[in-house]
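**Student:** give me coordinates for this.
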Amino acid sequence: MAEFFRGLRGALEDKPLPYVWVPEWHESGHGLHLHFAVNTFVRHRLIEDVWGRGFVSIKRITGQRHGAPKVEGARIAARYLSKYVAKTFDSEDLGGRHRYEVAQGFQPRAVRFTATSDDEALERSIDLMGGALPARFWSSAETEDWQGPPARWVQWT
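**Tutor:** Just a heads-up that it's a prediction; the model follows:
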């Protein structure tokens, strides 16, 4: 994937190219494909040429209001990709692969806080998300053979 995005950035005149990609197992369970988003329109043919490894399907993520701040479009793209990140919690192991990856230099800012309970952590998270309730919550306690320390994951749509 790093090679693909270097090639794509090169084809776009080496301008900084923020992106995020998420792998997903094919429905058959054989092989991975990926979903990705960038902050600019890229022609289908250019993606095919740079990818050079088979089938390419693209779609423009819609829903942003005309004249809305760019962050609105980013949130729409994040909602779209979060569906695929969420699926990896319910599917087979990704074999050490990342659940998602972002372009170097464009990693999201970490927001750290401490809490003394799951409920307090969830309450603080809801406050940080502007009071919106999460659409999905996952806990390692739900996974019978979980081997690591307790983990939680919350998704907002």
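
**Student:** run a quick neighbour tally on the closest residue to His44 other than its chain neighbours.
**Tutor:** In this structure, His44 finds its nearest non-sequential neighbour in Ile58, 5.2 Å apart by C-beta to C-beta, 6 or more residues apart in numbering. C-beta here means a position set from N, CA and C on the backbone, and glycine is covered the same way. When counting by other C-beta atoms under 10 Å, one arrives at 11 neighbours for Ile58.

**Student:** please tell me how far Ile58 sits from Glu48.
**Tutor:** Going from Ile58 to Glu48 by C-beta to C-beta, to the nearest Å gives 9 Å.

**Student:** what do you get for Arg136?
**Tutor:** For Arg136, the distance to Glu48 - C-beta to C-beta - is 34 Å.

**Student:** residues touching the one residue sitting closest to the centre of the chain, list them.
**Tutor:** Geometric centre of the chain, nearest residue: Leu81, 4.5 Å, by C-alpha atoms, centre = their mean. Contact analysis of Leu81 by C-beta atoms under 8 Å, 6 or more residues apart in numbering lists Val20, Val22, His35, Phe36, Ala37, Tyr100.

**Student:** widest-spaced pair of those?
**Tutor:** Ala37 and Tyr100 (10.6 Å; C-beta to C-beta).

**Student:** what's the domain layout of the chain?
**Tutor:** Listed by automatic domain parsing, the domain ranges of the chain are 2-108, 115-157.

**Student:** who touches stretch 129-140?
**Tutor:** 86, 89, 118, 122, 125-126, 146, 148-157.

**Student:** out of the helices and strands in this structure, which is least certain?
**Tutor:** Taking mean pLDDT, DSSP states H and E as the measure, the helices and strands of the chain show their lowest mean at helix 70-90, namely a mean of 74.

**Student:** now the element after it, going C-ward?
**Tutor:** For helix 70-90, the following helix or strand on the C-terminal side (DSSP states H and E) is strand 101-102.
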